[in-house]
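> Sequence unavailable; structure follows:
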């Protein structure tokens, strides 16, 4: 390749890197929403729906889980992580961890037995078990 072609290839790679970072969900921190959406996995196992919500750093008292009109609402607040043992000025090179209010809405089937639902927190994940009426393993 000629030096001009090499330079052009480098320019294209640089532009792709910039455009890729702009498509990151964290590039534009002001999305117009007043809350963020935690990531979830939704599983169906015999007799129940199981939802895993990624919420490292959340305190149990800061979480509210409710169902309204067939929608599971997971709301709460997560504070910003504090740099341990640092009292002086801190420069930030990258900040991807969401903080502040969150609200995730997940449609659920109509045959959920809400009296038997359970939630637990382990290793940064909230696990919500939604047993289905009339279904067993």
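In hand now; what should we look at? Because the structure is a prediction, the values reported are computed rather than measured.

> Ramachandran angles for residue 115?
As for residue 115, its main-chain torsions (degrees, to the nearest 10) stand at phi -70, psi -20.

> Quick one: the helices in the protein, in order.
Ranges of helices in the chain, per DSSP state H, are 3-22.

> and the gap between the nearest residue to residue 119 once chain neighbours are set aside and residue 101?
Leaving out its chain neighbours, the residue that sits closest to residue 119 by C-beta to C-beta, 6 or more residues apart in numbering is residue 128, at 4.8 Å. (Glycine included, C-beta is placed from N, CA and C.) Going from residue 128 to residue 101 by C-beta to C-beta, to the nearest Å gives 19 Å.

> Also residue 111?
In terms of C-beta to C-beta, residue 111 sits 31 Å off from residue 101.

> what's the answer for residue 43, then?
To residue 101, residue 43 is 26 Å away according to C-beta to C-beta.

> Pick out whichever of the two has more residues nearby.
Set side by side, residue 43 and residue 101 show more neighbours around residue 101, with 14 against 11, by other C-beta atoms under 10 Å.

> Report pLDDT for the more buried one.
Per-residue pLDDT puts residue 101 at 97.

> Kindly report the same for residue 59.
The score at residue 59 is 85. That number is its pLDDT.

> so who does the residue positioned nearest the centre of the chain touch?
By C-alpha atoms, centre = their mean, the chain has its centre lying nearest to residue 38, at 2.2 Å. Going by C-beta atoms under 8 Å, 6 or more residues apart in numbering, residue 38 touches 53, 54, 55, 74, 98, 102, 104.

> can you rerun that using 10 Å?
Taking C-beta atoms under 10 Å, 6 or more residues apart in numbering as the criterion, residue 38 is in contact with 53-56, 58, 74, 76, 78, 98, 102-104, 126.

> now do residue 111
By C-beta under 10 Å, 6+ apart, the neighbours of residue 111 are 49, 130, 131, 132, 133, 134, 135.

> just the residues you listed now: which is nearest residue 69?
Using C-beta to C-beta, the shortest approach to residue 69 within the contacts of residue 111 belongs to residue 130, at 15.4 Å.
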